[in-house]
Structures are given as C-alpha cells and as structure tokens.
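In: Okay, here's the prediction I keep looking at, along with the sequence it came from:
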Amino acid sequence: MACGCITAAFSTSPIAVFADDRPCFAALAECDHQSERLRVDYFSRTTLASYVVFDILYAKESSIMDLPLRERTYFGSPLLGACHHGLLQYVGKVGSGFTDKELAEIAGAFSPLDRSPFVNAPATAEVRWVEPNLVGQVSAREVTKDGHLRAPVFLRTRDDKEPQECTMDQLD
C-alpha cells in the first residue's frame with residue numbers, strides 16, 4: 001500500500017486522555033500546572049497526550065481561511081437539549097467522548113432544520129440546526145445555575161429513550 005503526504009495547517013488543542021481513549025481535560029490541567037522538573041518528567045511518561053483538530057486553515061497547497069468556519073471544521077460539538085414544559089431548552093454542547101464510528105453514526109442520524117429547535121437558542125456562530133431526534137447520554141462535572149452542563153462528555157446513544165423523555169429535572 002502506498003502512503004502519501006498531505007500538507008495542511010490545523011488549529012489544534014492538546015488534550016490528555018484516559019486509557020480507554022476518552023478525553024480528560026482535568027488531567028491536562030494537572031499536567032499543565034506542573035513546574036518541578038521531576039513531576040514534569042513523571043507526567044510526560046505516564047500521561048498519554050493527543051490533539052484534536054478544531055479548524056483546518058490550509059489544505060491542498062492553499063489557504064482556506066476565507067471559507068466559512070462551517071466548511072473548514074473537522075469536528076463540531078453537538079448541542080444538547082432537555083425538555084421543560086414541552087419545550088426544548090439548550091443545556092450546553094458536548095465535544096468529547098466520541099469514537100470516530102459514533103460520531104459518523106450521530107452525524108448521519110439527523111435531518112437538517114432551517115432554524116433552531118431550542119426556545120433559548122445559543123448565540124453560536126455557524127451552527128447547523130438539526131431535528132432533535134436522537135438521545136445521547138452524557139456525564140458532566142455539574143449543572144450551572146442557568147441550567148447548562150459544565151464539561152459534558154458523551155457516553156453513548158440511547159435507543160431506548162425518546163427525546164421528549166429527556167427533561168430538565170433529570171439534570172439535577
């Protein structure tokens with residue numbers, strides 16, 4: 001099999017990962033705040049590091065920075081919602097915890113919409129609105145006072161649940 005080289009420039013961010021390849025931003029923060037040489041050496045040998053491509057800036061020997069962000073990004077963060085009195089409330093976005101297979105399955109499960117399905121749509125640029133027809137289970141560090149999930153991580157899809165069964169009171 002022949003291998004080729006593709007020249008591209010990316011906007012990336014380093015992350016630390018668990019053994020099961022799930023991102024762990026807390027581990028990254030712990031590594032980043034080390035200054036003693038012995039501890040830095042220890043973390044560099046014991047903590048796997050990887051990176052995530054957030055934006056492609058240069059590809060096929062030319063800049064693509066003039067293209068809309070939607071056309072340049074490799075990975076978007078799905079927006080999360082929960083029902084409250086029959087209305088879909090925005091509760092955050094999840095950008096970690098996916099395998100490539102899960103991400104492809106999730107992307108293929110949605111139908112596009114012309115406008116936001118949320119009653120409190122986030123002011124996020126370059127969003128692709130979709131029909132909220134998939135239930136995912138996430139873990140989060142906490143629920144903020146305004147009802148948003150802090151540091152959510154995708155765990156799995158839930159075929160046994162309907163979207164309207166996911167309610168704000170389940171976030172507590």
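Out: In hand now; what should we look at?

In: What residues sit buried inside stretch 34-52?
Out: residue 43 (16 or more other Cβ atoms under 10 Å). No exception for glycine: its C-beta is placed from N, CA and C like everyone else's.

In: give the contact list for residue 90.
Out: 79-81, 118, 120-122, 148 (Cβ atoms under 8 Å, 6 or more residues apart in numbering).

In: pLDDT weak spots in the chain?
Out: Along the chain, the model assigns pLDDT under 70 to residues 1-29, 31-32, 48-60, 64, 68-76, 172.

In: For residue 164, give me the backbone phi and psi.
Out: phi -70, psi -10 (degrees, to the nearest 10).

In: Show me where this structure has its helices.
Out: 25-32, 37-46, 69-72, 100-108 (DSSP state H).

In: quick revisit: filter the contacts of residue 90 down to just the buried residues.
Out: By 16+ other Cβ under 10 Å, the contacts of residue 90 give 79-81, 118, 148 as buried.

In: And for residue 88, the neighbour number?
Out: When neighbours are counted by other Cβ atoms under 10 Å, residue 88 registers 19.

In: I'd assumed residue 132 was in contact with it.
Out: Yes. With contacts counted by Cβ atoms under 8 Å, residue 88 reaches residue 132, the gap being 6.0 Å.

In: picking that back up, from the buried ones among the contacts of residue 90, pick the one nearest residue 155.
Out: Using Cβ to Cβ, residue 80 comes nearest to residue 155 of the buried ones among the contacts of residue 90, at 12.3 Å.

In: can you pull up the bridge partners for the closest one?
Out: Beta bridges link residue 80 to residue 92, judged by DSSP bridges.
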